[in-house]
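# Next comes the sequence, and after it the predicted model I'd like to discuss.
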Amino acid sequence: MPTPRLIVADVTATTQDDLYTQVNERLIADNMVKSTFLDAVSAREEKFPSALDFGYVSIAIPHIDPEHVISPGVLVCRNSASTIFHAMDDPERSLDVQLSIWPLVTDPDNQVGMLGAVIALIQDESSYHILLHGEGAQVADKLSDVLATIED
């Protein structure tokens, strides 16, 4: 398996669809996902919303089935403004999200562990601020445990 990659994308999306398009373009350019990615993530989000409310902040963890992923990794998407996502625990509830974390797994056995590692990371408020505003090395350090969940 290729070494999991960390990608940090600073985007300027105004809607969730725009955010998805910008993330898709970045991941396609980096040869991380297949051409089916955008439709798959949009369909999954509609059926299974991905936003989580941590009290101090809301984030989204959009994820898809491994068949749409070419190379494993994590994309940290830092949007210049908040966009609306729906809550994982209550799809009728809208949450303002500025940071989204996109797990990219090629082995379905790694999906649950990676999602758990992302959730554990965000429970620490200082981690959120580093992911949203930190330099590359700081972000990589914070996500090292998450990336480790998708390595063999």
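Cool, got the structure.
# Longest strand in this protein, please.
strand 73-86 (DSSP state E).
# which element follows it toward the C-terminus?
Following strand 73-86 in sequence order, the next helix or strand is strand 94-104 (DSSP states H and E).
# Name the residues of the longest strand of the chain that come out as buried.
73-79, 83, 85-86 (16 or more other CB atoms under 10 Å). To be clear about C-beta, it is placed using only N, CA and C from the backbone, and glycine gets the same treatment.
# My reading is that residue 9 lies in a helix. Confirm?
No: if the criterion is DSSP: H, G, I helix; E, B strand; the rest coil, then residue 9 is strand and not within a helix.
# contacting residues for it?
Shown in contact with residue 9 (CB atoms under 8 Å, 6 or more residues apart in numbering): 22-23, 26, 75-78.
# Greatest separation within those: which pair is it?
The most widely separated members of these, counting by CB to CB, are 22 and 76 (13.3 Å).
# buried set for stretch 130-148?
Neighbour-count burial for stretch 130-148 [16+ other CB under 10 Å]: 130-131, 134, 139, 142-143, 146-147.
# Would you convert these into a markdown table that also reports pLDDT?
Converted to a markdown table, the buried residues of stretch 130-148 look like this (pLDDT from 0 to 100):
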| residue | pLDDT |
| --- | --- |
| 130 | 94 |
| 131 | 94 |
| 134 | 93 |
| 139 | 93 |
| 142 | 88 |
| 143 | 88 |
| 146 | 83 |
| 147 | 83 |
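# Sort out for me which of those are in strands.
With strands taken from DSSP E, there is no overlap with the buried residues of stretch 130-148.
# Next step: the residues you listed restricted to helices.
Counting by DSSP state H, the buried residues of stretch 130-148 place 130-131, 139, 142-143, 146-147 in helices.
# Would you tell me which one of the buried residues of stretch 130-148 comes nearest to residue 17?
So of the buried residues of stretch 130-148, ranked by how close each gets to residue 17 (CB to CB), first place is residue 131, at 22.9 Å.
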